[in-house]
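*Asks:* Here is a sequence together with a model predicted from it:
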2 protein chains.
Amino acid sequence: MSRADWIAVDWGTTRLRAWAMDADGSVRDEASSGDGMGGLSRAGFEPALLRLIEPWLSGGTVPVLACGMVGSRQGWHEVPYVSIPAKPAELRPVPVPGTDRRIALAIIPGLSQAEPADVMRGEETQIAGFLSEAPDFDGVLCLPGTHTKWARISAGEVVGFMTAMTGEIYRLISDHSVIRHCLAGDGIADPAAFTDAVSDTLSRPEGLAQRLFAIRAETVLRDLGPGTARERLSGLLIGAELAAARGYWLGQDVAIAGAPGLAAAYGAALEAQGLAPRVLDADPLTRKGLAAAYLSMGQTAS
Amino acid sequence: MSRADWIAVDWGTTRLRAWAMDADGSVRDEASSGDGMGGLSRAGFEPALLRLIEPWLSGGTVPVLACGMVGSRQGWHEVPYVSIPAKPAELRPVPVPGTDRRIALAIIPGLSQAEPADVMRGEETQIAGFLSEAPDFDGVLCLPGTHTKWARISAGEVVGFMTAMTGEIYRLISDHSVIRHCLAGDGIADPAAFTDAVSDTLSRPEGLAQRLFAIRAETVLRDLGPGTARERLSGLLIGAELAAARGYWLGQDVAIAGAPGLAAAYGAALEAQGLAPRVLDADPLTRKGLAAAYLSMGQTAS
């Protein structure tokens, strides 16, 4: 049975992940569940967390440091956003009052931008994790996912960011729209269909509305295969996102951190535009960001 | 109990509608059900139709004329598309073999376009209904709905068309995405938010990906109300569609036929661009198109 010196928690809309940590930032154990913020009432957060971390608790009070939607208005405890420009490494975790005595919970605040209006919760900690290993990075970090974030980073600060709902819209169209029939079944991977589609909506973003239904029409009229149709849909949506984010990546040093397949797709799309982005696995970044925040709290306290 | 001289049927993905018709094209009775193509196996079509029209059948064989997805590959009987240019008023209904002896079913073919690839089933009959009352129309007919069609019409022919999935994507985002929380609840109607959003994505279609998530961000940061959020979402998507369809409406005589609220929204969007579109209720058009096709079959036979 592992005891934890402290516990790191990544609590998003659909997942709850926790790590039993050593004082020096190394991982002793990990656990996760489907108790995301989206499925919990306010009273449900503490029991959901305790179910997961109880084996790691000792007699005393264990520090728990969390990030993500757990700090939103619909979360356990609302933690106000910090306005950019802001240094992710210097965000002060906000203590949550009235918890079980065995834990001392604090939540890292998200970031907000006034114009254009935008918000993030959780990604600020991924960015902190990225910067803990690349403190001198000056460029743009792209975090593809359900809601892809593009963050402009300079001197350790987030100076601007934008969000595109590309992943969520891809999932909705794939699962629920008339196009779902065109995507079902086995299909040969077709990377050229992906890059062609990216270049299509990137150069003519106004064509998106028509190009989506053309997937259906070409399936009916020309037996477009499901492998090609999937690449086409992904490429059209990522191309439209790259058109929206052009001011972020054009002429910049870009790093991409995401799930490997998705990050590679964004990488290929940007390479086709002449960039040479670094492509990283995002998985360890949140944990590294939480560890960096914990260690800096200790330094402040001592 | 009304008997029918013939029966008109509009059979789409989600609805089945039927009318008991007089020989001269007037309506004696009507009925509808939720037995759309999407929920039926091939063997389910005939029973679903008979359940609805049985009260109208007499001792003999009654002609039944249908249009819509009932003629698709997933329908009752696949009827090949007719390539454009084509006159909707001259499409020849295709007899369906092996039906119950009390009915003689024929299905009106849909239209296809080779480049850009596009298809329609059902709208060709709405267009025929429109042209039966405006035979000299030379311009563009917009049929907003789940899949909005834009059709260029000249000398009674469809010479080009495009489809935008705007209605379906609006529904998916409203029902399933993170933005659904921003749209829930009462809200004051906000027509200015609609026209501003139309003009936003029409002039900068590349901004769509970012502007969608801004609805969420402004709800969180600035208490954007649900009435304004709904108008904004609708306007952003219709503006993106108008950008894709610019070649259809710019400098053209445009008529819009749809459900009244939706058709009025498209009308307002085009008026803001300096057009003066006719706005019509689409509801009677399919039935008028079926009646025109039935009457011309009689003329051919006599």
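*Replies:* Cool, the structure landed. Numbering: from 1, shown residues only, chains lettered A, B, ... in the order given.
*Asks:* Please count neighbours and contacts with C-alpha atoms only from this point.
*Replies:* Fine.
*Asks:* Let me know the average pLDDT across stretch A:85-101.
*Replies:* The pLDDT scores in stretch A:85-101 average 96.
*Asks:* start to end distance for that stretch?
*Replies:* The straight-line separation of the ends of stretch A:85-101 (C-alpha to C-alpha, to the nearest Å) is 36 Å.
*Asks:* show me where chain A has helices.
*Replies:* Under the criterion DSSP state H, helices of chain A are mapped to A:45-53, A:123-133, A:166-176, A:180-183, A:191-203, A:208-222, A:226-244, A:246-249, A:260-271, A:285-301.
*Asks:* quick one, which of those helices is packed in tightest?
*Replies:* Stretch with highest mean neighbour count among the helices of chain A: helix A:226-244 (a mean of 25; mean count of other C-alpha atoms under 10 Å in any protein chain shown).
*Asks:* Now do it against helix A:260-271, angle only.
*Replies:* Here helix A:226-244 runs at 60 degrees with respect to helix A:260-271, directions being taken by axes from the mean of the first three to the mean of the last three C-alpha atoms, to 10 degrees.
*Asks:* could you give the angle of helix A:226-244 to helix A:166-176?
*Replies:* Using the same axes, to 10 degrees, the direction of helix A:226-244 lies 150 degrees away from that of helix A:166-176.
*Asks:* How about the residues of chain A by chain B?
*Replies:* For chain A, the residues in contact with chain B (C-alpha under 8 Å from any C-alpha of the partner chain) are A:116-119, A:162-166, A:168-169, A:172-173, A:176-177, A:202, A:205-210, A:212-214, A:217-218, A:221, A:240-241, A:243-244.
*Asks:* give me the residue from the stretch 1-150 of chain A nearest chain B.
*Replies:* As assessed by C-alpha to the nearest C-alpha, chain B sits closest to A:D118 within the stretch 1-150 of chain A, at 4.9 Å.
*Asks:* ok, that residue - contacts?
*Replies:* By C-alpha atoms under 8 Å, 6 or more residues apart in numbering or on different chains, the residues touching A:D118 are A:112, A:161-163, B:213-214, B:217-218.
*Asks:* Which pair of the residues you listed spans the longest distance?
*Replies:* A:F161 and B:E218 (14.7 Å; C-alpha to C-alpha).
*Asks:* how many other residues sit next to A:S2?
*Replies:* 13 (other C-alpha atoms under 10 Å in any protein chain shown).
*Asks:* Would you agree it is in contact with A:S58?
*Replies:* No. A:S2 lies out of contact with A:S58 (C-alpha atoms under 8 Å); the separation is 9.6 Å.
*Asks:* how much space between A:M297 and A:P63?
*Replies:* Distance of A:M297 to A:P63, computed by C-alpha to C-alpha: 11 Å.
*Asks:* try A:S203
*Replies:* With distances taken as C-alpha to C-alpha, A:S203 is found 50 Å from A:P63.
*Asks:* For the nearest residue to A:G38 once chain neighbours are set aside, report the pLDDT, please.
*Replies:* Nearest residue to A:G38 in three dimensions, chain neighbours excluded: A:T13, at 4.9 Å (C-alpha to C-alpha, 6 or more residues apart in numbering or on different chains). pLDDT recorded at A:T13 is 88.
*Asks:* Likewise for A:G38?
*Replies:* So, for A:G38, pLDDT stands at 88.
*Asks:* Can you find the helix or strand of chain A with the lowest average pLDDT?
*Replies:* Scoring the helices and strands of chain A by mean pLDDT, DSSP states H and E places helix A:285-301 at the bottom, with a mean of 85.
*Asks:* Can you list the neighbours in contact with it?
*Replies:* Helix A:285-301 is contacted from outside by A:8-10, A:19, A:24-25, A:65-67, A:89-91, A:122-123, A:125-130, A:132, using C-alpha under 8 Å, 6+ apart.
*Asks:* Check stretch A:149-158 too.
*Replies:* Residues contacting stretch A:149-158 (C-alpha under 8 Å, 6+ apart): A:84-89, A:123, A:131, A:135-143, A:159-164, A:245, A:248.
*Asks:* ok, what's across the strand from A:A20?
*Replies:* On the basis of DSSP bridges, A:A20 is bridged to A:I7, A:D29.
*Asks:* which residues sit in contact with it?
*Replies:* A:A20 neighbours (C-alpha under 8 Å, 6+ apart): A:2-8, A:27-30, A:53, A:56.
*Asks:* Who wins on neighbours among these?
*Replies:* Of all the contacts of A:A20, the highest neighbour tally under other C-alpha under 10 Å goes to A:I7, namely 30 neighbours.
*Asks:* remind me which residues of chain A are low pLDDT?
*Replies:* Scanning chain A with the threshold set as pLDDT under 70 gives A:1, A:299-302.
*Asks:* Please list all residues in contact with the residue of it most remote from its centre.
*Replies:* Relative to the centre of chain A, the most outlying C-alpha is that of A:L221, 38.2 Å out, by C-alpha atoms, centre = their mean. Residues counted as contacts of A:L221 (C-alpha under 8 Å, 6+ apart) are B:A117.
*Asks:* likewise the one 10 residues further on?
*Replies:* Residues touching A:E231, when contacts are defined by C-alpha under 8 Å, 6+ apart, comprise A:189-191, A:193-194.
*Asks:* can you do 10 Å?
*Replies:* Taking C-alpha atoms under 10 Å, 6 or more residues apart in numbering or on different chains, we find A:E231 in contact with A:183, A:189-198, A:265.
*Asks:* ditto for A:V159
*Replies:* A:V159 is in contact with A:83-87, A:113, A:151-153, counting by C-alpha under 10 Å, 6+ apart.
*Asks:* do you know how far it is from chain B?
*Replies:* Using C-alpha to the nearest C-alpha, to the nearest Å, we find A:V159 at a distance of 17 Å from chain B.
*Asks:* can I see the domain layout of chain A?
*Replies:* Here the domain parsing of chain A from automatic domain parsing is A:6-121, A:164-281.
*Asks:* Save those domains as a markdown table, and put in distance to B:I108 too.
*Replies:* Conversion of the domains of chain A to a markdown table gives the following (distance: least, C-alpha to C-alpha, whole Å):
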| stretch | distance to B:I108 |
| --- | --- |
| domain A:6-121 | 47 |
| domain A:164-281 | 18 |
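*Asks:* Quick check: buried residues in stretch A:62-71?
*Replies:* In terms of neighbour count (16 or more other C-alpha atoms under 10 Å in any protein chain shown), stretch A:62-71 has its buried residues at A:62-71.
*Asks:* Max pairwise distance over the residues you listed: which two?
*Replies:* Between any two of the buried residues of stretch A:62-71 (C-alpha to C-alpha), the greatest distance is 21.6 Å, for A:V62 and A:M69.
*Asks:* For A:E271, which non-adjacent residue is spatially closest?
*Replies:* A:P277 (7.2 Å).
*Asks:* residues touching the one you found, list them.
*Replies:* A:140-142, A:249, A:252-256, A:264, A:266-268, A:270-271.
*Asks:* now for these, which pair is the farthest apart?
*Replies:* Farthest pair in those, by C-alpha to C-alpha: A:Q252 and A:A264, 18.1 Å.
*Asks:* quick one, what contacts A:D35?
*Replies:* Contact analysis of A:D35 by C-alpha under 10 Å, 6+ apart lists A:11-17, A:44-45, A:48-49, A:52.
*Asks:* try it again with 7 Å
*Replies:* For A:D35, the contact set (C-alpha atoms under 7 Å, 6 or more residues apart in numbering or on different chains) comprises A:14-16, A:48.
*Asks:* List just the nearest of those residues to A:T99.
*Replies:* The shortest approach to A:T99 among the contacts of A:D35 belongs to A:A48, at 12.8 Å (C-alpha to C-alpha).
*Asks:* tell me the contacts of that closest one?
*Replies:* Residues in contact with A:A48 (C-alpha under 7 Å, 6+ apart) are A:D35.
*Asks:* A:G258 now?
*Replies:* If you count contacts by C-alpha under 7 Å, 6+ apart, then A:G258 has A:143-145, A:280-282 around it.
*Asks:* Name the nearest residue to A:R216, sequence neighbours excluded.
*Replies:* A:I179 (5.8 Å).
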